[in-house]
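Q: all I have is the shape, not the residue letters:
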């Protein structure tokens, strides 16, 4: 995971997972990518045993305000202990993008732990293979018109055909560097030059979906099955991005029939690949992204619908671990 002191206490989903594990009496430790090592054939980590304060756990469980914990006192952490990852039962991979070479190297090391019998969520090979934007294109029948290229002529032709499009990097998150381009936009050239690094980097062009005004819905799936409610990230005035990090407002909604169809289309492949916790993004009738690295929105949905999504995830993980251990 990322450094614990940098987590957003108000909404970070990793904290809900730690709370759910701690409430089950599980021992929890945290480590970062830089704490992983491979030495004499064994993958190890500098683990720091972690315990959330009881009052903070209660606040998370009841969806109460955590503002009073902003200056500390919400967790205790022991000194780091060099530990063989094979001694662990479960590793939850919750490192935020960027999905760079360091992230890939971490999946190599986590894969060694997986080979030793540790349940890694999500599966390291699937994290490498399933780029969050390109993976969605595997389900073309439920995706909007799109193109992946680094050639300006191809990207310009896509814009001319569809008139109102968005261009975005393949490795971004939180709506960063997503540009909406319409006919006659004088910034098209500089946008494409910037995103492709002058033709050296693949990007995605996608039809702009006007239904974004009603929200970019995040649907969470646990072992291929959707949570029955989605969080619609509604853009703020004057914005074309619904991401919460870009100022969007989260509104919980019951899944529609189309949402369930999209989830049912994607779900079996997620399960086959060992992707136990995934967030898919749906705008209108279309799948736009499949988020596998560090899906969020647990706490917003829990609060609005009195759910315990992290608890359900831990139950699923425990079942999977039991099956693997037989």
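A: Alright, I've got the coordinates. Here the structure is a predicted model, which is why all the values come from computation and not from measurement.
Q: who's in contact with the spatially most distant residue from the centre of the chain?
A: The outermost residue of the chain, judged against the average C-alpha position, is residue 184 (34.7 Å), by CA atoms, centre = their mean. Listed by CB atoms under 8 Å, 6 or more residues apart in numbering, the contact set of residue 184 is empty. C-beta: built from backbone N, CA, C; applies to glycine.
Q: am I right that it is in a strand?
A: No: read with DSSP: H, G, I helix; E, B strand; the rest coil, residue 184 is coil and lies in no strand.
Q: max-length strand in this protein?
A: strand 42-52 (DSSP state E).
Q: what's the spacing between the residue farthest from the centre of the chain and residue 163?
A: Using CB to CB, to the nearest Å, residue 184 is found at 10 Å from residue 163.
Q: what of residue 211?
A: Residue 211 sits 16 Å away from residue 163, going by CB to CB.
Q: rewinding a little: report the angle between the following helix or strand past the longest strand of the chain and strand 42-52.
A: Sequence-wise, the next helix or strand downstream of strand 42-52 (DSSP states H and E) is helix 54-62. In terms of direction (axes from the mean of the first three to the mean of the last three CA atoms, to 10 degrees), helix 54-62 departs from strand 42-52 by 90 degrees.
Q: centre of the chain to helix 54-62, how far?
A: In terms of CA atoms, centre = their mean, to the nearest Å, the centre of helix 54-62 is set 24 Å apart from its chain centre.
Q: following element in sequence after it, please.
A: According to DSSP H and E, the helix or strand after helix 54-62 is strand 75-77.
Q: sheet partners, orientation included, of that following strand?
A: Next to strand 75-77 in the sheet, as set by DSSP bridges, lie strand 42-52 (antiparallel).
Q: so where's the stretch 51-200 of the chain shaky on pLDDT?
A: Applying pLDDT under 70 to the stretch 51-200 of the chain picks out no residues at all.
Q: what about the strands in it?
A: For the stretch 51-200 of the chain, the strands defined by DSSP state E, counting those that start in this stretch occupy 75-77, 81-84, 90-92, 119-121, 146-149, 165-169, 179-181.
Q: would you confirm that residue 295 belongs to a strand?
A: No: counting by three-state DSSP, residue 295 falls outside a strand, being coil.
Q: does it really touch residue 276, like I thought?
A: No: assessed by CB atoms under 8 Å, residue 295 is found out of contact with residue 276, at 10.6 Å.
Q: show me the chain divided up by domain.
A: Following the assignment in automatic domain parsing, the chain carries domains at 4-128, 148-206, 211-291.
Q: chain center to the first one, what's the gap?
A: Meaning domain 4-128. With CA atoms, centre = their mean as the basis, domain 4-128 stands 15 Å off its chain's centre.
Q: check the second one too.
A: In terms of CA atoms, centre = their mean, the centre of domain 148-206 is set 23 Å apart from its chain centre.
Q: quote the end-to-end distance of it.
A: 9 Å (CA to CA, to the nearest Å).
Q: can you pull out the helices in the chain?
A: 13-23, 54-62, 101-115, 124-129, 152-162, 188-196, 257-272, 298-305, 309-325 (DSSP state H).
Q: can you add mean neighbour count and give these back as CSV?
A: CSV is the format used below for the helices of the chain (neighbours: other CB atoms under 10 Å):
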stretch, mean neighbour count
helix 13-23, 22
helix 54-62, 16
helix 101-115, 17
helix 124-129, 19
helix 152-162, 15
helix 188-196, 17
helix 257-272, 16
helix 298-305, 20
helix 309-325, 16
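Q: so who does the nearest residue to residue 33 once chain neighbours are set aside touch?
A: Excluding the flanking residues, the one nearest residue 33 by CB to CB, 6 or more residues apart in numbering is residue 106, at 4.6 Å. When the contact criterion is CB under 8 Å, 6+ apart, the partners of residue 106 are 33, 36, 93, 95.
Q: please repeat the previous calculation with a cut-off of 10 Å.
A: Contacts for residue 106 (CB atoms under 10 Å, 6 or more residues apart in numbering) come out as 32-36, 93, 95, 124, 127.
Q: ok so, going back, okay, the domains of the chain, which one's buried deepest?
A: Greatest average neighbour count among the domains of the chain goes to domain 211-291 (a mean of 19), per mean count of other CB atoms under 10 Å.
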